[in-house]
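1. Fold the stuff below for me.
(3 chains)
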Amino acid sequence: MSEVFDAMQFLSYLINGISLGSVYALIALGYTMVYGIAKMLNFAHGDVIMIGSYVVFFAFGSFGLNPIVSVLLSMVVCTLLGVTVERVAYRPLREAPSLAVLITAIGVSYLLQQTAQLMWSSNPKSFTSVVGLRAVSLFDGQLMISGETIVTILSCILIMLALTWFVNHTSAGHAMLAVSEDRGAAQLMGVNVNATISLTFAIGSALAAIAGALLCSSYPTLQPTTGAMPGIKAFVAAVFGGIGSIPGAFVGGILLGIIENLSKAYISTQLSDAIVFLMLIVVLLVKPTGLLGKKVNVKV
Amino acid sequence: MAITKLKNMKKTTKSNLITFGIVVAFYLVIQLCTGMGMMTSSFAGQLVPICAYIILAVSLNLTVGILGELSLGHAGFMSVGAFSGTLVWMTTSATLPSWLALALSFVVGGVVAGLFGLLIGIPVLRLSGDYLAIVTLAFGEIIKNFMNACYLGYDANGLHFSLKDSASLHLAADGQVLINGAMGITGVKKASTFTVGIILILITLVVILNLIHSRAGRAITSIRDNEIAAQSIGINITRYKLMAFIVSAVFAGVAGVLYSLNFSTLVAKKFDYNTSILILVFVVLGGIGNIRGSIIAAAILTVLPELLRSMNDYRMLIYAIVLIVVMIFSQSPQLVAWRKKTLAKFKKNGSVKPPKGVA
Amino acid sequence: MKKFVSIVLATAMAAALAGCGATATPTAATSESGSTASAAAIKIGGIGPITGGAAVYGTAVKNGEELAVKEINALGGTQFELNFEDDEHDAEKSVNAYNTLKDWGMQVLAGPVTTTPTLAVAAEAAVDGIFVMTPSASAQAVIETGDNVFQVCFTDPNQGVASADYIADNALATAVGVIYDASDAYSSGIYEKFKAQADSKGLSIVAAEAFTADNKSDLSTQVTKCKDAGADLIFLPIYYTEASQILKYADSIGYTPAFFGCDGLDGLLAVEGFDTTLAEGVMLLTPFAADAADAKTQAFVKAYEAAYGETPNQFAADAYDVIYAIYEASEAAGVTADMNAADICEALKTQIITMSFDGLTGTNMTWDATGAVSKAPQAVVIKDGAYSAMTASSESAK
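-> Presented below is the predicted three-dimensional model:
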């Protein structure tokens, strides 16, 4: 009897982990895409997510627009934001050392947080879920899987498939692959590098809007700092799975969520962050390019 | 005579002397201002943090600029140094003469941070690039999380340690909690002064500049420029990478002690990735690999947010914009080329003029 | 290029140095002419986070202090001038803010807001002999820093002990779960004392689950663990932001224990977009309730809403009380704006421990020489989306 009960407990922690992991995975998809093609760590990605969440909050929560329309609106806003940031802050530094772009991205992250605070104040807002789906109850209500989790996982899988198809079967996608392999060679072959990178940012930011809406649907506190920590964790997830790899981001995100919640459940709620980061180090030491990352041989 | 000596001096020695000169001049100017009562409390209060940030920036530049590896966990070393050094200070300042207790705190802080550098360095330096960066970030976060959950107490039965809460320490009635989780260490007797800070900066510069210009330093730079080529001529990659990494960690620990002994309270939360990134900003803005640039950038960027106080709510917004604009202007290849062109024009005009004036 | 950058930076640094030299002169001028020009107003400094993650608390304090100063100046008696500086919830920045205020000529400090910065600033103020009254830094160590440091909020031990007593005396629970923020001094401080008192009262704590600032977006596992441990009451010594998430998640898994919190939970009902029916039945010990019926609170809430467009929380109320307490003490002790900070400090220190103060957060508030406040915690329960006093509160408040 007690064994059955424990299994049930374990399952409920596992589901909590998958819920969290699916949100990480969704954010990580945007991260990994930008990293894979533009070769830069976009530290402002989490803050684009935050801006997207505010747009949904006002469109859906305050003006009562249809949730899908709200998310679409947020995608438009984030895309414009992402492309503008890329044009103004990142493009002038394309040929500069990669550290310069990293610092600029951090500057953009501060800028977005401060702007949000000035516009919407630092008072937390409680986000109304955009997901209308009811929770699924299993084993006579002993286990609940929330509608948000189901929608997030489905969105993740759909986006993952769509991205993979896009990259492999369209000319814009091929251009992305080419830029990701060798920027200089791609340019020589007639690929418009700037346009390709802009497109990457557009797609990454649109994904951030979806991620923002679903992040705040599952974890409803919305503040100017909401995007920062999930952004870092998703970055870790992307590295975990092998940064640059689309399925890697998905696997890394889900695993990270599960590890975080199981360590809270069975080891220590205080030390769960340390355990998550320790796992990351261990994985990278065993497999230096992440779980599904490609091994690149350096040639002389 | 002196001038010819200066002329015949090696270029690097001259450059090093200028760096030392800047630090000493900075010290003298500040002392003069203080003596004349011209210092504001605001600026006087920032002097020790400025010194700490300068040491941090210089030591991180050794990893980022000279070794060429991106580290996002410098605050982690600062943290372990700060906690161990402060504990030493708390326990010895009552019994030992205060200069000795202080020196001991800095040494212990540096050594402990160095040990962590070794511990982290051995496995981690096998990685490179962004993967190394993320692992150092992870290390910093682990340290922060661990110190946040760390409870350490002392009573007649000796030291007690717990990772849960202070009640689990089971201290005797006369026991004293030294590190109290998220509250950290409280009631620290302030000991850092500007003079101590400047002495530590000079020590840091002597060690790091000598290392850079030594045989080992050249080995380290060759690893940065081409690891495979360096290996092929018989340079022990691991040894030199570790050497740079550990020296960098030691000084981060020393800076941590300097920083923490300037405030009456020390918490782990301060040493998060934001602090690591802040130090990285100093290094990048001052010029990667440029030690003098790190010193100047650290000083200016520490003072800047304070000078912006009159902007009230817009303060951090303006700071962010300044950061982005300065980055683009100093690093964008197109702008750098444009600047060089204008500068060259300017120089041409300038070099023509003086002879005219003399004539 | 490197050379160019260093030249630019060096120039900027020279400019910065010149800048501080330049600012030094006007400040010196004001302090010299202070006796004549500012004879009208006592300079009050405020410090708190108005940017960054803790900005919501600092902003509330800033607003509460501004409002009180405006009202007091309108009375025409002792005049105040307020200057509020940002500290980003960081000890270093807080000390910087303190020094900036000192340059401005601060005579009394009404702050800082959060615990760790207050510890750092209070140590400086103890050396300088400046009177410090913090609205909300509640750790015991804060008032231990010096005899010039006073609190308007309850100390953490006080809250933890009072909560455990209240739960035990009114038999509210058989099995208690606790969810607290281990990375926060306030939250872990209350938890620690709560646990000690609960143990001595025979109250059984079946689960004590922590979260940290880095993983607070997902609190599902902590709630699930309390549920699995069979807790019928969850004690929440945390702020309302995270509490709103806990309530929402508990509701979604159909878990309905009683919830009990401290003053940090105040503000829960004002969270924009929060479904207040989820907070139904939540109990909290708080010194302030925005919809209390007394005239003082109602006037304050009305003025605050008119000025800032939002409902004040207990941070704003505590801050408002700080200014009024300083005002009453200054009037009684005959403090005038031409006195220096150290004399004002001595006068206020002796005055404050002899007086009794009626504020928003308590009536007949008194202070002892350690700096701790004595006021009766009020137990309220959320009913129909509003606070109502709990009937049993009079028995246990003693």
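
2. Look up how far chain A lies from B:Tyr314.
-> Look at B:Tyr314 and chain A: by CB to the nearest CB, to the nearest Å, they are 7 Å apart. All C-beta spots, glycine's among them, are computed from the backbone N, C-alpha and C.

3. mind checking pLDDT for that residue?
-> Listed pLDDT for B:Tyr314 reads 85.

4. Surely it is in contact with A:Leu118?
-> Yes - judged on CB atoms under 8 Å, B:Tyr314 makes contact with A:Leu118 at a distance of 7.4 Å.

5. Tell me how many other residues surround A:Glu95.
-> 13 (other CB atoms under 10 Å in any protein chain shown).

6. Number of residues surrounding B:Phe161?
-> 12.

7. Around chain B, pick out the residues from the stretch 51-200 of chain A.
-> Proximity of the stretch 51-200 of chain A to chain B, by CB under 8 Å from any CB of the partner chain, involves residues A:89, A:92-93, A:95-97, A:99-100, A:102-104, A:106-108, A:110-111, A:114-115, A:118.

8. Turn the buried ones among those into a named ChimeraX selection, would you?
-> Here is the ChimeraX command that selects the buried residues among these (16 or more other CB atoms under 10 Å in any protein chain shown):
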select /A:89,92,93,96,99,100,102,103,104,106,107,108,110,111,114
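
9. how close does the residue of the stretch 51-200 of chain C found nearest chain A get to C:Ala122?
-> Going by CB to the nearest CB, chain A is nearest to C:Ala55 of the stretch 51-200 of chain C, at 3.6 Å. Separation of C:Ala55 from C:Ala122 (CB to CB, to the nearest Å): 22 Å.

10. Which members of the residues of the stretch 51-200 of chain A next to chain B are positioned in helices?
-> When DSSP state H is applied, those are split such that A:99-100, A:102-104, A:106-108, A:110-111, A:114-115, A:118 fall in helices.

11. Is it possible to get a markdown table of those residues that adds distance to chain C?
-> Below are those laid out as a markdown table (distance: CB to the nearest CB, whole Å):
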| residue | distance to chain C |
| --- | --- |
| A:Leu99 | 14 |
| A:Ala100 | 12 |
| A:Leu102 | 17 |
| A:Ile103 | 13 |
| A:Thr104 | 15 |
| A:Ile106 | 15 |
| A:Gly107 | 15 |
| A:Val108 | 16 |
| A:Tyr110 | 10 |
| A:Leu111 | 12 |
| A:Gln114 | 7 |
| A:Thr115 | 12 |
| A:Leu118 | 9 |
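
12. Quick check: the two most widely separated of these?
-> A:Leu99 and A:Leu118 (28.9 Å; CB to CB).

13. Run through the residues of the stretch 201-350 of chain B sitting next to chain C.
-> So the stretch 201-350 of chain B meets chain C at B:259, B:263-265, B:267, B:269-270, B:285-287, B:289-290, B:292-293, B:296-297, B:299-300, B:303-307, B:309, B:312-313, B:315-316, B:330, B:336, B:339-340, B:343 (CB under 8 Å from any CB).

14. Among those, which ones are in strands?
-> B:Thr265 (DSSP state E).

15. Write the ChimeraX selection for whichever of the residues of the stretch 201-350 of chain B next to chain C are buried.
-> Buried members of those, defined by 16+ other CB under 10 Å, are picked up in ChimeraX with:
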select /B:259,263,264,265,267,269,270,285,286,287,289,290,292,293,296,297,299,300,303,304,305,306,307,315,316,330,336,339
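
16. Longest helix in chain A, please.
-> Under DSSP H, chain A gives helix A:2-38 as its longest helix.

17. Let's test this: mean pLDDT of it, rounded?
-> Helix A:2-38 shows a mean pLDDT of 84.

18. Can you tell me which helices and strands whichever helix or strand comes after that helix packs against?
-> The helix or strand immediately downstream of helix A:2-38 is helix A:45-56, counting by DSSP states H and E. Applying 3 or more CB pairs under 8 Å, 6 or more residues apart in numbering or on different chains; DSSP states H and E, one finds that helix A:45-56 contacts helix A:2-38, helix A:67-85, helix A:98-120, helix A:193-218, strand A:221-222, helix A:228-241.

19. Go again with 6 Å.
-> helix A:67-85, helix A:98-120, helix A:193-218, helix A:228-241 (3 or more CB pairs under 6 Å, 6 or more residues apart in numbering or on different chains; DSSP states H and E).

20. Show me what the first one is packed against.
-> Taking 3+ CB pairs under 6 Å, 6+ apart as contact, the helices and strands that helix A:67-85 lies on are helix A:45-56, helix A:193-218.

21. So what's the gap between the shortest one and the chain middle?
-> The reference is to helix A:45-56. 11 Å (CA atoms, centre = their mean, to the nearest Å).

22. tell me the angle that helix makes with helix A:228-241.
-> With axes from the mean of the first three to the mean of the last three CA atoms, to 10 degrees defining the directions, helix A:45-56 sits at 130 degrees from helix A:228-241.

23. now the last one
-> Helix A:193-218 runs at 120 degrees relative to helix A:228-241, counting by the same axes, to 10 degrees.

24. For helix A:193-218, list every residue counted as buried.
-> A:193, A:196-218.

25. Any part of stretch A:222-231 near chain C?
-> Yes - counting by CB under 6 Å from any CB of the partner chain, chain C is contacted by stretch A:222-231 at A:225, A:229.

26. hmm, I was thinking of stretch B:128-139
-> No - Stretch B:128-139 does not reach chain C (CB under 6 Å from any CB); its nearest approach is 12.1 Å.

27. Other residues contacting that stretch?
-> Under the contact criterion CB atoms under 6 Å, 6 or more residues apart in numbering or on different chains, stretch B:128-139 has outside partners A:239, A:277, A:280-281, A:284, B:69-73, B:76, B:120, B:124, B:273.

28. how about low-confidence regions in chain A?
-> Within chain A, the set of residues satisfying pLDDT under 70 comprises A:1-5, A:295-300.

29. wait, which of the contacts of stretch B:128-139 is closest to C:Ala229?
-> Distances from C:Ala229 to those, taken by CB to CB, are shortest for A:Phe277, at 27.4 Å.

30. Stretch C:359-371: how far from the chain's middle?
-> For stretch C:359-371, the distance to the chain centre is 14 Å (CA atoms, centre = their mean).

31. Return the set of buried residues in it.
-> Applying 16+ other CB under 10 Å to stretch C:359-371 flags C:359-362, C:365, C:367, C:371 as buried.
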